[in-house]
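Asker: This is a predicted model, with the sequence first.
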Amino acid sequence: MRKVVLPTFIIVATALLILRLFYLQIINDSFKLKSENNAIKIKYDYPERGYIYDRHGTLLVANQPSYDIMVIPKDIKNLDTIEFCQLLEISKDRFLKTIAKAKVYSPRLPSVFLPQLNKLEFAAFQEKIRKFEGFYIQKRSLRDYQVRFGANVFGFITQVNENLIKKNPYYNSGDLIGRQGVEESYENTLRGVKGVKYTLKDKYNREIGSYKEGKYDTIAVQGKDINLTIDAELQKYGEELMVNKRGGIVAIEPRTGEILALVTAPSYDPSILVGRQRSKNYTKLYRDSIAKPLYDRGLLAEYPPGSPFKILTGLVALQEGVINEQSSVVCNHGFSYARGRFMRCHCHGGVMQLHRGIYESCNSYFGTAYMKTINKYLRPADGVDIWSNHIQSFGLGHFMGYDLPTGRKGKAPTSKTYKRIYPNGGWRSTAIVSNSIGQGEVLMTPIQLANMMAAVANHGFYFTPHIIKKIKGIPIDKKFRTKHFTTINRKYFQPVIDGLFDVYNLGTAYALKVDGIEICGKTGTAENFAKINGKRTKLQDHSIFVAFAPRNNPKIAIAVLVENGYWGARWAGPISSLMIEKYLRKKITRTDLEKRMLEGSLQGEYARYTGRKAVDSLLLTKPAASSTDTEIEN
């Protein structure tokens, strides 16, 4: 048997090797093309990127022509460097550094020498290009923004770096790629496919015709257009309301999971990251460590959710059977939950049941409900893990799978969390009761808060939030059409929703009502600490508000967070009401709220604890007067 196996193996291996060599040398001559690269000029034809539209078909991002000066270092001959630099208004030092960098990439392949010339700069250079051997013009298209908002949604276009070129053979030096926002998420869809043309050169480096009669030439394919779920008018309005403030707004359509608005503040005009000033402007934005305009607070900023978290505290307690609608707690403007420990409450006090506890935002009621949930189990660790599993079913504590390239998980503490905090054990529900009111170890991003409200609006399910609505010729990922069910029984949502409805009628958002629209909402105030000079310092509280509307058949769920905005009804609440009315009616009747929000500013508050203002000419700002209006406190 062995005498047969070995010769057979040798014969088969030899035959396969011969067939492979025959294929490479006779049938497929692509390697020959590479070996002849010295005599071939490769020129790329770059397609237009796909256009970007909003959910209603409004054009948001188009294209404009641009021209790059390309260089092939080995072809540079008899160059008048002084004339060349004067024509392009660059220094000789920059010229030498750019050429050196191009040589490192490849002496024989083209590199971008100077990107993104406009028409006038192109015309001036084109007149004299015959004098500059080794240089040529490469036409490309750059983004042409039709709007001044949505920078965080769109992202921007930039040149690929060397690491990406090594990883992805599609890209060459000087190619453009999407970064951040949908430009990054849908890069492969938007970029199209570049065309390639191979031209044969003689020994004098003159073009003498198409290589192999164009056998290897390809035609550029334009990128596909996409429609976003964003409502352009709502996005614009949200950014206007957040001028001179910091924070985020996320609005979602509950029945689909489509993101209607994704606002981060402060923001900037997306057009400043186009053209020859792009790098300079990006550097200024990147280095702004105070306002952080490139930091998408709607997706990345993790905050204590404050009182809106009481919605989940109540739902979990109902599901676990430790309370019902009639369960009562006496609130004496707070409650004692352990020896010497007292949780304060700003409600009116008295006997609290679920309904009143929600619309008056009673800490005593929800602190008690949370402790009962944990204490239901013999081991606090088991109680915490079961509670955590419930809240994670709303999308908390993990990445939600949305189609944007950035995000944070937030934090849904488990028994492991407290084993780290209390390594010697001995902790009980009294040690972690702050979780009940959205403080403690709980952290959420604005998009998680908005998704939580979408799940409540749907009586217990949600769709993965997403920003893509339509791609021409390509179906949307089915994961965006899949329902995710929470662990809470559907029957428990209605009493909570009734309480949220009366937040506007009887409770903390009474002054924020919009006639004719039934809004269900919840105010929130989150404590805010920061390390300043190495010391943990209490700063002004964050203002939070979550809501959905209408009460029946909800069309919008929203979360608004305004950093250092005092309490929920002062800043975040009015902005929520305005956004809801804008989306549902396309007009505003609460002009009193609108005027105060558009003109109001928190820049003085930010300057107070940073020591300096961060208002920059690149940011979306306008003159504003500080607001001193007060509302009903949460």
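Answerer: Great, that's in hand.
Asker: Stretch 487-507: which residues count as buried?
Answerer: 488, 492-493, 495-504, 507 (16 or more other Cβ atoms under 10 Å). (C-beta placed from N, C-alpha, C; glycine too.)
Asker: in this protein, which helix or strand is least confident?
Answerer: Using mean pLDDT, DSSP states H and E, helix 30-35 stands out as the lowest-scoring helix or strand of the chain, at a mean of 46.
Asker: Can you name every helix or strand that the very next helix or strand once past that helix contacts?
Answerer: Scanning forward in sequence from helix 30-35, with DSSP states H and E defining helices and strands, the next element found is strand 40-45. Helices and strands in packing contact with strand 40-45 are listed as strand 195-201; criterion 3 or more Cβ pairs under 8 Å, 6 or more residues apart in numbering; DSSP states H and E.
Asker: CA atoms only: put the strand it packs on into CSV for me.
Answerer: Listed next in CSV are the C-alpha coordinates belonging to strand 195-201 (Å, rounded to 0.1, in the frame of the first residue of the first chain):
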residue,chain,number,x,y,z
GLY,A,195,-11.8,52.9,-13.1
VAL,A,196,-8.2,52.0,-14.2
LYS,A,197,-6.5,52.9,-17.5
TYR,A,198,-3.1,51.4,-18.5
THR,A,199,-1.0,53.4,-21.0
LEU,A,200,2.2,52.1,-22.6
LYS,A,201,5.3,54.3,-22.5
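Asker: and the angle from that strand to strand 40-45?
Answerer: Interaxial angle, strand 195-201 versus strand 40-45 (axes from the mean of the first three to the mean of the last three Cα atoms, to 10 degrees): 150 degrees.
Asker: Tell me which other helices or strands strand 195-201 touches.
Answerer: The helices and strands touching strand 195-201, judged by 3+ Cβ pairs under 8 Å, 6+ apart, are strand 40-45, strand 207-210.
Asker: the helices in the stretch 451-600 of the chain, which residues?
Answerer: Listed in chain order, the helices of the stretch 451-600 of the chain (DSSP state H, counting those that start in this stretch) span residues 493-505, 572-585, 591-599.
Asker: typo on my end, it should be the stretch 151-300 of the chain
Answerer: Applying DSSP H, counting those that start in this stretch to the stretch 151-300 of the chain gives helices spanning 151-154, 162-167, 181-185, 187-190, 232-241, 278-287, 297-300.
Asker: Ile177: which of the helices of the stretch 451-600 of the chain is closest?
Answerer: Evaluated with Cβ to Cβ, the helices of the stretch 451-600 of the chain place helix 572-585 nearest to Ile177, the distance being 33.2 Å.
Asker: Next, the angle helix 232-241 makes with that closest one.
Answerer: Our comparison of helix 572-585 with helix 232-241, counting by the same axes, to 10 degrees, yields an angle of 160 degrees.
Asker: Please point out which parts of helix 572-585 sit buried.
Answerer: Going through helix 572-585 with 16+ other Cβ under 10 Å, the ones that come out buried are 572-584.
Asker: Out of the residues you listed, the closest to Val243 would be?
Answerer: Minimum distance to Val243 across the buried residues of helix 572-585 is 11.4 Å, recorded for Ile575 (Cβ to Cβ).
Asker: Now do the same contact list for that closest one.
Answerer: Residues in contact with Ile575 (Cβ atoms under 8 Å, 6 or more residues apart in numbering) are 238, 241-242, 249, 545, 560, 562, 597.
Asker: now that we have those residues, which one has the most neighbours?
Answerer: Phe545 (36 neighbours; other Cβ atoms under 10 Å).
Asker: Dump the lengthiest strand in the chain to PDB, keeping only the CA atoms.
Answerer: For the chain, the strand that runs over the most residues, judged by DSSP state E, is strand 535-549. Output for strand 535-549, consisting of C-alpha atoms alone and laid out as PDB, is shown next (Å, rounded to 0.1, in the frame of the first residue of the first chain):
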ATOM      1  CA  LYS A 535     -10.000  66.600  43.200                       C
ATOM      2  CA  ARG A 536     -13.500  65.200  42.700                       C
ATOM      3  CA  THR A 537     -15.600  68.300  42.300                       C
ATOM      4  CA  LYS A 538     -19.400  68.700  42.200                       C
ATOM      5  CA  LEU A 539     -20.500  70.700  39.200                       C
ATOM      6  CA  GLN A 540     -23.900  71.900  38.100                       C
ATOM      7  CA  ASP A 541     -26.300  69.100  37.500                       C
ATOM      8  CA  HIS A 542     -27.300  67.800  34.000                       C
ATOM      9  CA  SER A 543     -30.700  68.500  32.600                       C
ATOM     10  CA  ILE A 544     -32.400  65.400  31.200                       C
ATOM     11  CA  PHE A 545     -35.800  64.700  29.600                       C
ATOM     12  CA  VAL A 546     -37.300  61.700  27.800                       C
ATOM     13  CA  ALA A 547     -40.700  61.500  26.100                       C
ATOM     14  CA  PHE A 548     -42.800  60.000  23.400                       C
ATOM     15  CA  ALA A 549     -45.900  61.200  21.500                       C
END
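Asker: what lines up beside that strand in the sheet?
Answerer: When pairs are called by DSSP bridges, strand 535-549 turns out to pair with strand 520-532 (antiparallel), strand 556-562 (antiparallel).
Asker: re the thing from before, highest mean neighbour count out of the helices and strands packed on strand 195-201?
Answerer: Relative to the other members of the helices and strands packed on strand 195-201, strand 40-45 carries the highest mean neighbour count by mean count of other Cβ atoms under 10 Å, namely a mean of 16.
Asker: just checking, next helix/strand downstream of that strand?
Answerer: Helices and strands here follow DSSP H and E; after strand 40-45, the next one along the chain is strand 52-53.
Asker: Surely Tyr46 and Lys194 touch.
Answerer: Yes. If you go by Cβ atoms under 8 Å, Tyr46 and Lys194 touch, sitting 5.2 Å apart.
Asker: Need the overlap of contacts for those two.
Answerer: Taking Cβ under 8 Å, 6+ apart as the criterion, Tyr46 and Lys194 both touch 175, 220.
Asker: Pretty sure Leu241 sits against Leu578.
Answerer: Yes. Assessed by Cβ under 8 Å, Leu241 is found in contact with Leu578 at 6.4 Å.
Asker: Would you mind grabbing the residues shared as contacts by those two?
Answerer: Shared contacts of Leu241 and Leu578, defined by Cβ under 8 Å, 6+ apart, are found at Met597.
Asker: how far does stretch 160-169 sit from the chain's center?
Answerer: Counting by Cα atoms, centre = their mean, to the nearest Å, stretch 160-169 is centred 24 Å from the centre of its parent chain.
Asker: Buried residues of it, list them for me.
Answerer: For stretch 160-169, burial by neighbour count (16+ other Cβ under 10 Å) applies to 160, 165.
Asker: so where's the protein uncertain?
Answerer: Applying pLDDT under 70 to the chain flags the ranges 1-7, 20-38, 202-206, 531, 609-617, 620-634.
Asker: If we use 50, what do you get?
Answerer: Counting by pLDDT under 50, the chain contains low-confidence ranges at 30-36, 614-615, 623-634.
Asker: Report how many residues lie close to Lys215.
Answerer: Residues near Lys215, counting by other Cβ under 10 Å, number 10.
Asker: wait, I meant Lys292
Answerer: 17.
Asker: distance of it from Gln448?
Answerer: Summarising the geometry, the distance separating Lys292 from Gln448, computed by Cβ to Cβ, to the nearest Å, is 20 Å.
Asker: repeat for Met371
Answerer: Met371 sits 24 Å away from Gln448, going by Cβ to Cβ.
Asker: the more surrounded of those two?
Answerer: For Met371 and Gln448, the more surrounded residue by other Cβ under 10 Å is Gln448, and the numbers stand at 28 against 22.
Asker: mind checking how far that one is from Glu239?
Answerer: When Cβ to Cβ is the yardstick, Gln448 and Glu239 sit 21 Å from each other.
Asker: again with Leu506
Answerer: Counting by Cβ to Cβ, the gap from Leu506 to Glu239 is 32 Å.
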